[in-house]
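Q: sequence and predicted structure are below.
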Amino acid sequence: MGWPKNEDGTVDWEFVFTDPETGFIPTIEDAKTIAALESCATVVIESLFNREGDEEYRQAYNGALNHIFLSLNGDENMETIRARLVTMLHSIKENRITRALEYKKSMEQNPEAEDRRMSPDEPLAAIDVLVE
């Protein structure tokens, strides 16, 4: 997937998560049914953690999604589910923005360094919020 970029070449995570038309958070906020929420959340996780080596993170986040949807099954809990998903996405967004800034800073300090990918998010940071 070609993520939108900032001028410095890092991914524009703010846009990815919050753009009113294509952002992950508005997509979750606009879902009309439990099934749509589950489908959207699954697509978001698969999109964010699609690199080789992300399997552990996909599994952790998909496990959190399963927990949310199974423990809060029913239309009466739709807003609780939505709120937990939005909280999780905000946590992932902030983590990715912080990591992008750290990466940019490290590249400025050592421009000769090998261009490397940053490691995936730490899954338990956001997941703990979801399963309480």
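A: Received it, and whenever you're ready, just let me know what you need.
Q: so where do the strands sit in this protein?
A: Counting by DSSP state E, the chain has no strands to list.
Q: tell me which residue of the protein is furthest from the middle?
A: Distance to the chain centre peaks in the chain at Glu112, reaching 30.2 Å (criterion: CA atoms, centre = their mean).
Q: which ones are touching Leu65?
A: Going by CB atoms under 8 Å, 6 or more residues apart in numbering, Leu65 touches Glu38, Ala41, Thr42, Ile45. All C-beta atoms are positioned from the backbone trio N, CA, C, and that covers glycine.
Q: and Glu29, how close does it get to Gln109?
A: 39 Å (CB to CB, to the nearest Å).
Q: the more surrounded of these two?
A: More crowded of Glu29 and Gln109, by other CB atoms under 10 Å: Glu29, with 16 against 8.
Q: wait, that one sits on Ile81?
A: No - using CB atoms under 8 Å, Glu29 makes no contact with Ile81, being 11.9 Å away.
Q: quick one: low-confidence ranges for the chain?
A: Residues of the chain that meet the criterion pLDDT under 70 lie in 1, 74-75, 113-132.
Q: and the longest helix for it?
A: helix 78-109 (DSSP state H).
Q: how far off centre is that helix?
A: 7 Å (CA atoms, centre = their mean, to the nearest Å).
Q: what's the answer for stretch 72-87, then?
A: Offset of stretch 72-87 from its chain centre (CA atoms, centre = their mean): 17 Å.
Q: with stretch 34-52 instead?
A: For stretch 34-52, the distance to the chain centre is 9 Å (CA atoms, centre = their mean).
Q: can you list the buried residues in it?
A: Within stretch 34-52, the residues that count as buried by 16 or more other CB atoms under 10 Å are Ile34, Leu37, Glu38, Cys40, Ala41, Thr42, Val44, Ile45, Leu48, Phe49.
Q: okay, Glu79 and Glu29: tell me how far apart.
A: 11 Å.
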